[in-house]
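Asker: Kindly return the folded structure for what I paste below:
(2 chains)
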Amino acid sequence: MDLTFTPKQNAFRAEVRAWLAANLPREPLASYDTREGFEQHRAWEARLFESRWSMVMWPAELGGRGSDLIEWLIFEEEYYGAGAPMRVNQNGQLLLGSTLMEFGTPEQKQRFLPRMAASLDMWAQGWSEPNAGSDMAAITSKALLDGDHYVINGQKTWSTRAIYADWLFGLFRSEPGSTRHHGLSFVMVPLDTPGVSIRPIKALNGKDAFAEVFFDDVRVPVANRIGEQGQGWHVAMATAGFERGLLLRSPARFQATARKLVELYKANRARADRDPSLRDAVLETWMGAEAYALSAYHTVGRLSRGEQIGAESSINKIIWSELDLKMHETAMRILGGQGELVGKDSQAGDAAGWLEGFLFAQSGPIYAGTNEIQRNIIAERMLGLPK
Amino acid sequence: MDFTFNDDQLAFREAISRFLMTEAAPEMLREIWETDVGRSQELRNKIAEQGLTALSVPEAEGGLGMDDVTWALMTQELGYYAIPDSLADTAYVASGLLAGLPAGHPARADLLPRIADGSLRIAISHPVNALVSDAQLAQVLILTDGDDIHVVPRSHVDVENHPSIDASRRLGVVTWTPSSATCVASGEQGRALQDRLLDRGALSVAGQLLGLAQRMLDLSVDYVAQRKQFGKPIGSFQAVKHHLADVARYIEQAKPVLYRAAHASARGDVNAGVWVSQARLAANEASWIAARKGIQVHGAMGYTWEVDLQMFMKRAWALDASWGERGFHKNRVSDYLFADATGLGPGHTFEE
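Answerer: Model prediction:
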């Protein structure tokens, strides 16, 4: 055990820090749940890509730097520590990107990954359906073979920022008469294909943060399938594992929130200390964020020793989602009457940012597999309890 | 940056675990509980044969010279098997203190080789603990008097016993008169050694609590997989599953916190005490949740003397305040966190 960074790792950190200091947007970007903000974020990510910071872990020929997981954690620490914008294309980059790395053909990797790293293509997810939420194997949307094309019919929902996106990836039933997790295929769909219609869903924050996507005889080339015909469930489970696990929610972003919460508490101490439980909540959540960071480094070490990470990714998902919620609840309680003020209200100050985060934190225990589903996974796969 | 254990450490842990599995079965613990002394010399001798008592004695004094990081694994095993002995007090905490004395100090030469060969039992007093574990049985006591640290033979002190709900803890109040003849450190050196003593004691408890939590979880998993109601194992019901999934979550979350604290302690980091306290808070919470959820999923059986769960719950409850109650540890972390000049946030986690 050696918990010090190597000179090379320190130099990498210094390089990230210097680049961010010179290139961070001067003004905060608009919310990426709006068209304007989405395009601002796309432009920012393109700038990241120009200097090869958008996907540091990807190999150089696919637009990255070939960094290892430690360097990736360092990048994330510097990125969120500097208050850089949230990553708008991470569902594609981290979820589909990881899937393509593992299951994609060389042609698919070359075709999709560099454009994804550059945010030339923005990706939405297509998992849930009206009757397939936690029970994802209940998917009924069909992609039936017709020559060298699939013909897609059906409906997806809760597709994050789909009205702004260029592509969608997801699971479709490709074997007529199949049930549950059999007979599904993992297919990528250009959202400008005839027959696709997208209806935005207003989220808690009043913005079109997600959408329903309807497919009416949508024709997609078979070359857009990842993995084998009918093996989509297997491919998707790997992606779901990445999502729950480290990649999508690195600790740095929660550590940055925890630091802001400590600052908020210190700045409002006289009022906050009227409720002694607030000081304790600040302390507990700060320790929770640090514990999550320690856990990430421990996990990365174990992976590098060749260990497999399984249901622990479900534990991670519960940890970060509950932590995020508790931090924002605590902030709202510290802010008191200021907490409810929205947008650029003159009285709101920094409070509006906490409110946005508070609203979004409500979704954490629900998306990427509800925390109830995660607890089932832990109980069944890690503890071996009967179904 | 390598946040893992090496193969030697993992193999040692595996060997100790296998050994304790056969030598420290719950039936044996119950037998030892019932005895007056509450200790088995035979078990202790066997543990010494495995090398555990020599683990952190410096190589020059006949030991293996390993540090807090290895102990973070071993204390979990001692907790997992609820060893009815304060073995870690002697082999880890006391030996760490003695190894901190200057080279050539007579107390080192006298005591460390006897710790290594397993023949010596040391009881440790520290202002943070009101009672002294194993004071009655120990041959030697480490006692504090203000900043001073004394190494005192058992014959020089009086001990009054106080029974604990955990029958494997043997607690006493020690009455003694300090004399310069027994003083091994004083002043600034004494204070520094007492601080290190406290951190090692707290780390030892943190490891044991995590081991206890894991054992309670394992016992609970076994129970709910075989106990049937409504025609099914109760472990198939989500309400029961979610209780135990939460226990697993708190244990997994606490482990890296313990490991970092042990690493910081071994390296003598300036903030080691803060990380030790963070580890204690995480381990205390995990063990109490494991006890609470464990007894719940055992149903009425969990409330009985008969079911083994009770031995592990009681140890977890009893150790909760040992080497600093939660308030003490919480204050150490909050003093750090709310200080003005603390570097916080992403990228600062591993700063010394």
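Asker: Next, find the distance separating residue A:115 from chain B.
Answerer: Taking Cβ to the nearest Cβ, to the nearest Å as the measure, residue A:115 falls 29 Å from chain B. All C-beta spots, glycine's among them, are computed from the backbone N, C-alpha and C.
Asker: Wasn't that residue part of a strand?
Answerer: No - counting by DSSP: H, G, I helix; E, B strand; the rest coil, residue A:115 falls outside a strand, being helix.
Asker: these two touch, right, it and residue A:121?
Answerer: Yes - counting by Cβ atoms under 8 Å, residue A:115 touches residue A:121, with 4.7 Å between them.
Asker: who has more neighbours, these two?
Answerer: The neighbour count for residue A:115 versus residue A:121, taken as other Cβ atoms under 10 Å in any protein chain shown, is higher for residue A:121 (20 against 17).
Asker: Where does the more buried one sit: helix, strand or coil?
Answerer: Here residue A:121 is coil, with the state taken from three-state DSSP.
Asker: how about it, what does it touch?
Answerer: A:92, A:112, A:115, A:166, A:167 (Cβ atoms under 8 Å, 6 or more residues apart in numbering or on different chains).
Asker: Sort out for me which of those residues are in helices.
Answerer: Among those, DSSP state H puts A:112, A:115 in helices.
Asker: Output the below-cut-off pLDDT ranges for the stretch 201-350 of chain A.
Answerer: A:239-245 (pLDDT under 70).
Asker: what residues does it put near chain B?
Answerer: A:251-253, A:255-256, A:258-259, A:262, A:266, A:279-280, A:282-283, A:286-288, A:290-295, A:297-298, A:300-302, A:304-305, A:312, A:315, A:318-319 (Cβ under 8 Å from any Cβ of the partner chain).
Asker: and those residues, which are buried?
Answerer: Listed as buried from those are A:251-253, A:255-256, A:258-259, A:262, A:279, A:282-283, A:286-288, A:290-295, A:297-298, A:300-302, A:312, A:315, A:318-319; burial here means 16 or more other Cβ atoms under 10 Å in any protein chain shown.
Asker: Do a quick rundown of the strands in the stretch 1-150 of chain A.
Answerer: Along the stretch 1-150 of chain A, counting by DSSP state E, counting those that start in this stretch, strands occupy A:123-126, A:142-146, A:149-160.
Asker: Could you dump these into JSON lines and include mean pLDDT, distance to chain B and mean neighbour count?
Answerer: JSON lines is the format used below for the strands of the stretch 1-150 of chain A (pLDDT from 0 to 100; distance: least, Cβ to the nearest Cβ, whole Å; neighbours: other Cβ atoms under 10 Å in any protein chain shown):
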{"stretch": "strand A:123-126", "mean pLDDT": "96", "distance to chain B": "25", "mean neighbour count": "27"}
{"stretch": "strand A:142-146", "mean pLDDT": "98", "distance to chain B": "31", "mean neighbour count": "17"}
{"stretch": "strand A:149-160", "mean pLDDT": "97", "distance to chain B": "23", "mean neighbour count": "21"}
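Asker: Tell me the helices and strands packed up against the strand or helix carrying residue A:357.
Answerer: Assessed by DSSP states H and E, residue A:357 sits inside helix A:351-361. Contacts defined by 3 or more Cβ pairs under 8 Å, 6 or more residues apart in numbering or on different chains; DSSP states H and E place helix A:351-361 against helix A:312-335.
Asker: Now find how far off-centre the helix it packs on is within its chain.
Answerer: From the chain centre to the centre of helix A:312-335 is a distance of 15 Å (Cα atoms, centre = their mean, to the nearest Å).
Asker: who are the neighbours of that helix, in terms of helices and strands?
Answerer: helix A:232-244, helix A:251-267, helix A:276-304, helix A:351-361, helix A:371-377, helix B:238-267.
Asker: List just the one of the ones you listed that sits closest to residue A:342.
Answerer: Evaluated over the helices and strands packed on helix A:312-335, closeness to residue A:342 peaks at helix A:351-361, with 6.0 Å, by Cβ to Cβ.
Asker: quick check: angle from that closest one to helix A:312-335?
Answerer: 150 degrees (axes from the mean of the first three to the mean of the last three Cα atoms, to 10 degrees).
Asker: Next, the buried residues of stretch B:153-169.
Answerer: Neighbour counts over stretch B:153-169 (16+ other Cβ under 10 Å) mark B:154, B:156, B:157, B:159, B:164, B:166, B:167, B:168, B:169 as buried.
Asker: CA atoms only for it - export them in CSV, please.
Answerer: Provided in CSV are the C-alpha atoms of stretch B:153-169 (Å, rounded to 0.1, in the frame of the first residue of the first chain):
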residue,chain,number,x,y,z
PRO,B,153,4.5,-4.8,37.0
ARG,B,154,1.1,-6.3,38.0
SER,B,155,2.4,-6.8,41.5
HIS,B,156,2.7,-3.0,42.0
VAL,B,157,-1.0,-2.2,41.4
ASP,B,158,-4.4,-3.1,42.8
VAL,B,159,-7.2,-4.1,40.5
GLU,B,160,-10.9,-4.0,41.1
ASN,B,161,-12.9,-6.0,38.6
HIS,B,162,-16.1,-4.7,36.9
PRO,B,163,-18.1,-7.1,34.8
SER,B,164,-19.2,-6.2,31.2
ILE,B,165,-22.2,-7.4,29.3
ASP,B,166,-19.6,-8.8,26.9
ALA,B,167,-18.3,-11.7,29.1
SER,B,168,-15.1,-11.8,27.1
ARG,B,169,-14.2,-8.3,28.2
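Asker: if we can go back for a sec, between the contacts of residue A:121, which is closest to chain B?
Answerer: Closest to chain B out of the contacts of residue A:121 is residue A:92 (23.8 Å), distances taken as Cβ to the nearest Cβ.
Asker: Who is the residue lying closest to that closest one once chain neighbours are set aside paired with across the strands?
Answerer: In space, and not counting its chain neighbours, residue A:92 is closest to residue A:123: 2.8 Å by Cβ to Cβ, 6 or more residues apart in numbering or on different chains. Beta-bridge partners recorded for residue A:123 (DSSP bridges): residue A:167.
Asker: dump the residue contacts of residue A:350.
Answerer: Counting by Cβ under 8 Å, 6+ apart, residue A:350 touches residue A:264.
Asker: isn't residue B:205 right up against residue B:280?
Answerer: Yes - Residue B:205 is within contact range of residue B:280, at 6.8 Å (criterion: Cβ under 8 Å).
Asker: What is the burial count for residue A:93?
Answerer: 25.
Asker: Same check on residue A:132?
Answerer: Other residues within reach of residue A:132 by the criterion other Cβ under 10 Å amount to 17.
Asker: Which strand residues bridge it?
Answerer: Counting by DSSP bridges, the residues bridging with residue A:132 are residue A:129.
Asker: Who are the contact partners of it?
Answerer: Counting by Cβ under 8 Å, 6+ apart, residue A:132 touches A:138, A:139, A:140.
Asker: How much space separates the last one from chain B?
Answerer: Here residue A:140 is placed at a distance of 25 Å from chain B (Cβ to the nearest Cβ).
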